[in-house]
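Asker: Dropping the sequence and predicted coords here.
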Amino acid sequence: MTDSHVRSTPEVPRRVDYLLGAMGLALFGGVGIGVISAAPVEIAAGVGAVFAACLLAIGLTRYPRGA
């Protein structure tokens, strides 16, 4: 079965892919820093989540989805 709406995967990562990777690192990195450092996990995870949300906002403004 093939779907005419499915796009093939690009051979080279795009800028959006790097942005999504950075968002994941921000989320998991915040928790990781909270676990291994003296900072409370809730604070470190919150900072990571805020950073990931900022990256999401940047991604939505720079790469809007075309209709």
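Answerer: Everything's here; your move.
Asker: contacting residues for the residue nearest the centre of the chain?
Answerer: Centroid check for the chain by C-alpha atoms, centre = their mean gives Met23 as the closest residue, at 2.2 Å. Residues in contact with Met23 (C-beta atoms under 8 Å, 6 or more residues apart in numbering) are 52, 55-56, 59. Any C-beta I mention is one placed from the backbone N, CA and C, and that applies to glycine too.
Asker: what residues does stretch 42-55 touch?
Answerer: 19, 22-24, 26-31, 33-34, 37.
Asker: can you pull the pLDDT of Glu11?
Answerer: Reported pLDDT at Glu11 in the predicted model: 69.
Asker: I misspoke; the intended subject was Leu20.
Answerer: On the pLDDT scale, Leu20 gets 87.
Asker: follow-up on the earlier one: what subset of the contacts of stretch 42-55 is buried?
Answerer: Burial by neighbour count, 16 or more other C-beta atoms under 10 Å: within the contacts of stretch 42-55 this picks out 22-23, 26-27, 29-30, 33-34.
Asker: For His5, state which of those residues is nearest.
Answerer: Relative to His5, the closest of the buried ones among the contacts of stretch 42-55 is Met23; by C-beta to C-beta it sits at 25.3 Å.
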